[in-house]
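1. Would you be able to build a 3D model of this:
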Amino acid sequence: MKGFDLTAVLLNPEFAGMLLHGIWMTFVIALGSWLLAMTLGVVLLVIRLLPSRIADGAVAGYISYHRNVPTLVQLMLWYFGIASLLPGELQAWLGDHNGESIFAIIALGLCQAAYFSEDLRSGLRSITAGQAEAARALGHSYLGAMRFVLMPQALSNAMPALVNHTVSLFKNSSLAMAIGVVELTQAVRQVENESFRTFETYMIATVAYLVCSLLIMAGGALLDQRMKASGAR
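-> You can find the predicted model right below:
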């Protein structure tokens with residue numbers, strides 16, 4: 001039986017390269033899907049604020065779908081289902097340009113946008129009506145009041161929930177292995193299959209995910225403190 005030897009994995013150039021590539025792909029997928037989710041989450045919030053029952057119902061339906069269908073199913077729907085409906089030229093282009101990662105970013109981003117939108121909506125609803133009235137009294141237009149007065153406060157109020165869902169998004173990036181993306185979890189599986197050091201490889205993955213998640217939470221807490229301090233002034 002092999003004894004515990006972490007250096008047998010970390011000091012092996014081939015294994016270390018596979019793990020570093022996996023970590024890099026994890027950050028690419030997490031960051032890409034986060035940017036898509038936050039952008040779309042703001043758009044969904046703005047649409048839901050429109051005085052239209054149809055718009056509100058459409059956004060509510062979007063949020064309900066993405067919150068109640070497992071993320072893994074959504075990933076597979078995009079990669080195996082929607083991808084098959086695309087023109088052949090586009091499918092060939094995606095095949096040559098890491099299409100698995102692109103579909104992972106799209107699926108995770110669209111799913112997480114539902115959560116971000118609800119977080120921002122809750123943050124906005126926690127602001128008293130007097131804030132909007134005061135902003136309009138100071139001469140701000142509706143968009144100006146949203147941009148300079150209401151949304152900064154909504155973002156500050158929603159920060160804890162946004163950070164929690166950002167951590168969830170980062171962890172859910174591991175689901176991309178199901179459609180062939182060689183991110184950290186898949187890289188760990190490959191290293192484990194070649195090195196036969198199961199405990200060492202999965203311990204590396206555990207520590208990597210733990211450290212990154214804690215850094216995200218620490219960064220969110222620091223940003224929250226700065227936003228609250230700026231608002232106090």
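
2. Please state the offset of the helix or strand L36 falls within from the chain centre?
-> For L36, the host element (DSSP states H and E) is helix 13-48. Using CA atoms, centre = their mean, to the nearest Å, the mean C-alpha position of helix 13-48 is found 6 Å from that of the whole chain.

3. and that helix, what does it pack onto?
-> Identification of packing neighbours for helix 13-48 by 3 or more CB pairs under 8 Å, 6 or more residues apart in numbering; DSSP states H and E yields helix 7-10, helix 53-68, helix 99-125, helix 151-172, helix 184-195. C-betas here are computed from N, CA, C, even on glycine.

4. Ok, which of those helices comes nearest I216?
-> Minimum separation from I216 across those (CB to CB) falls at helix 151-172, 5.3 Å.

5. So V181: helix, strand or coil?
-> Judged by DSSP: H, G, I helix; E, B strand; the rest coil, the three-state class of V181 is coil.

6. Contacts only, for it.
-> Listed by CB atoms under 8 Å, 6 or more residues apart in numbering, the contact set of V181 reads 25, 29, 100-101, 104.

7. among the residues you listed, who's most crowded?
-> A104 (30 neighbours; other CB atoms under 10 Å).

8. From M151, how far off is the closest residue to E192 other than its chain neighbours?
-> Computed as CB to CB, 6 or more residues apart in numbering, the closest residue to E192 that is not its neighbour in sequence is T201, at 4.2 Å. From T201 across to M151, the span is 44 Å (CB to CB, to the nearest Å).

9. one step back: pull out the buried residues from the helix holding L36.
-> Buried residues in helix 13-48, counted by 16 or more other CB atoms under 10 Å: 15, 18-19, 22-23, 25-26, 28-30, 32-34, 36-38, 40-42, 44-46, 48.

10. Can you check what angle separates that helix from helix 53-68?
-> Orientation check (axes from the mean of the first three to the mean of the last three CA atoms, to 10 degrees): helix 13-48 against helix 53-68 gives 150 degrees.

11. winner for burial among the helices and strands packed on helix 13-48?
-> Of the helices and strands packed on helix 13-48, the one with the most neighbours on average (mean count of other CB atoms under 10 Å) is helix 99-125, at a mean of 22.

12. for the chain, which spans come out with low pLDDT?
-> 1-2, 132-133, 142-143, 231-233 (pLDDT under 70).

13. ok, now which ones touch the closest residue to A113 other than its chain neighbours?
-> Computed as CB to CB, 6+ apart, the closest residue to A113 that is not its neighbour in sequence is L40, at 3.8 Å. L40 makes contact with 109-110, 113, 116-117, according to CB under 8 Å, 6+ apart.

14. at 7 Å instead, please
-> 109-110, 113 (CB atoms under 7 Å, 6 or more residues apart in numbering).

15. Which helix or which strand is home to the residue nearest to E192?
-> T201 belongs to helix 198-232, assigned by DSSP H and E.

16. mind checking how far S84 is from F103?
-> Taking CB to CB as the measure, S84 falls 12 Å from F103.

17. Touching, G22 and A176? I think so.
-> No. G22 is beyond contact range of A176, at 10.6 Å (criterion: CB atoms under 7 Å).
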